[in-house]
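Engineer: No sequence on hand, only this structure:
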């Protein structure tokens, strides 16, 4: 790779192809990393509310069909646009589940956010928004790898289709933080003001999902480096706690962990465990310190208890202020709307993994 070494020391982003890990290039700035992802929009006809629906509805909203054998449909990071003027409809937007609601479904549907029933509608339909051009992802001051240099010299449509790629992202200490997958189709490039032999590479935004704007401040905090004290997430609302947990998990998957000897004693401060992401963030920091990870769902918690994530069975955990978690997490809903006790499930998984928990 032909680049000046000082620029490489400042490099935060590496664009790589995913099959063999070959680097297309490195740069210090990615314009267009943050934005508004494309969202599905749904009109729920004959909406009958059962709870107040705010602008942000929930990280996971389940649409459960009545008298239908099909599974519930998931709308992630759901937002409400409010009632549709002059109708009895509610409009929701969100990131669709990979299967998505079936086209042309007819019949009553109830909606919940994992904690409470929000309401029901007699049927719903997807609204197709006006076609809008997605802004490009521009990698500024990119030091080209030999493979990218050769592709740009050829300049053919096939050569400029870099196919599936990953934008690997490091923090200010140079430690791996996360990555964003995309389909790398080059739409333009030009010499960069950042230095000799560097370019500004523009990638088609249609094939890239930006980080939502609401999460930008969370990312900026993590890009500066991991937190140096526990509970840095405590003042965040639930939506931003999920964004924080996403980065905690991504960072942990790129690091190695040393497991302690059996018999280790842990302690979790439960005063901020008022929602599901707060639960896993507090457990992660109890086991692995500030910014630590120890699961982001029941299945992941079970995996972490199996080793290689800073834990060796048997061990003990003192859970202080447990009443807070009990008040907020003991009455939750499964995807199909059945009531269950998330806190009890977590305690059961911990016990099965050799963690003796004392609630205080």
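Structural biologist: Cool, got the structure. Here the structure is a predicted model, which is why all the values come from computation and not from measurement.
Engineer: Every contact and neighbour count from this point should use C-alpha atoms.
Structural biologist: Will do.
Engineer: Endpoints of stretch 266-281, how far apart?
Structural biologist: Taking CA to CA, to the nearest Å, stretch 266-281 runs 14 Å from one end to the other.
Engineer: for the stretch 51-200 of the chain, what spans make up the strands?
Structural biologist: 56-65, 73-83, 90-96, 109-112, 117-121, 123-127, 137-144, 161-170, 176-191, 198-203 (DSSP state E, counting those that start in this stretch).
Engineer: Which of those has the lowest mean pLDDT?
Structural biologist: Mean pLDDT is lowest for strand 123-127 among the strands of the stretch 51-200 of the chain, at a mean of 88.
Engineer: tell me how far it is from the chain's mean position?
Structural biologist: 26 Å (CA atoms, centre = their mean, to the nearest Å).
Engineer: Single out the most deeply packed of the strands of the stretch 51-200 of the chain.
Structural biologist: strand 137-144 (a mean of 26; mean count of other CA atoms under 10 Å).
Engineer: That one pairs with which strands, and in what direction?
Structural biologist: strand 23-27 (antiparallel), strand 29-31 (antiparallel), strand 198-203 (antiparallel) (DSSP bridges).
Engineer: Tabulate those strands in TSV, adding columns for distance to residue 65.
Structural biologist: Converted to TSV, the strands paired with strand 137-144 look like this (distance: least, CA to CA, whole Å):
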stretch	distance to residue 65
strand 23-27	46
strand 29-31	41
strand 198-203	40
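Engineer: where's residue 241 relative to residue 354, distance?
Structural biologist: 28 Å.
Engineer: now what about stretch 22-31, what contacts it?
Structural biologist: 1, 7-8, 10-17, 137-148 (CA atoms under 8 Å, 6 or more residues apart in numbering).
Engineer: And for stretch 301-312?
Structural biologist: Residues outside stretch 301-312 that contact it (CA under 8 Å, 6+ apart): 256-264, 287-288, 293-295, 313, 349-350, 353-354.
Engineer: quick revisit: can I get the strands of the stretch 51-200 of the chain in JSON lines including distance to residue 230?
Structural biologist: Below are these laid out as JSON lines (distance: least, CA to CA, whole Å):
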{"stretch": "strand 56-65", "distance to residue 230": "24"}
{"stretch": "strand 73-83", "distance to residue 230": "26"}
{"stretch": "strand 90-96", "distance to residue 230": "31"}
{"stretch": "strand 109-112", "distance to residue 230": "32"}
{"stretch": "strand 117-121", "distance to residue 230": "33"}
{"stretch": "strand 123-127", "distance to residue 230": "42"}
{"stretch": "strand 137-144", "distance to residue 230": "34"}
{"stretch": "strand 161-170", "distance to residue 230": "21"}
{"stretch": "strand 176-191", "distance to residue 230": "18"}
{"stretch": "strand 198-203", "distance to residue 230": "38"}
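Engineer: Can you check which of the ones you listed gets nearest to residue 42?
Structural biologist: With CA to CA, the closest approach to residue 42 among the strands of the stretch 51-200 of the chain belongs to strand 123-127: 4.4 Å.
Engineer: report the angle between the axes of that closest one and strand 56-65?
Structural biologist: 120 degrees (axes from the mean of the first three to the mean of the last three CA atoms, to 10 degrees).
Engineer: angle of strand 123-127 against strand 90-96?
Structural biologist: Using the same axes, to 10 degrees: strand 123-127 against strand 90-96 is 60 degrees.
Engineer: tell me what strand 123-127 is packed against?
Structural biologist: strand 40-45 (3 or more CA pairs under 8 Å, 6 or more residues apart in numbering; DSSP states H and E).
Engineer: what pairs with the strand it packs on, and is each one parallel or antiparallel?
Structural biologist: strand 90-96 (antiparallel), strand 123-127 (antiparallel).
Engineer: Out of these, which gets nearest to residue 211?
Structural biologist: strand 90-96 (12.5 Å).
Engineer: JSON lines for the strands paired with strand 40-45, including distance to residue 51?
Structural biologist: Shown next, in JSON lines, are the strands paired with strand 40-45 (distance: least, CA to CA, whole Å):
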{"stretch": "strand 90-96", "distance to residue 51": "13"}
{"stretch": "strand 123-127", "distance to residue 51": "19"}
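Engineer: of all these, which lies closest to residue 280?
Structural biologist: strand 90-96 (22.7 Å).
Engineer: how far out from the middle of the chain is that closest one?
Structural biologist: Per CA atoms, centre = their mean, the centroid offset for strand 90-96 relative to its chain is 17 Å.
Engineer: Just want the angle from that strand to strand 117-121.
Structural biologist: 110 degrees.
Engineer: Give me the contact list for strand 90-96.
Structural biologist: 38-47, 74-84.
Engineer: can you rerun that using 7 Å?
Structural biologist: 39-45, 47, 74-84 (CA atoms under 7 Å, 6 or more residues apart in numbering).
Engineer: Which residue, other than its chain neighbours, is closest to residue 201?
Structural biologist: residue 189 (4.6 Å; CA to CA, 6 or more residues apart in numbering).
Engineer: contacting residues around the one you found?
Structural biologist: Contacts of residue 189 (CA under 7 Å, 6+ apart): 199, 200, 201, 202.
Engineer: any idea how far it is from residue 142?
Structural biologist: 10 Å.
Engineer: same deal with residue 282?
Structural biologist: From residue 282 to residue 142 the distance is 38 Å (CA to CA).
Engineer: does residue 330 really touch residue 342, like I thought?
Structural biologist: Yes: the pair residue 330 and residue 342 qualifies as a contact (CA atoms under 7 Å) at a distance of 5.7 Å.
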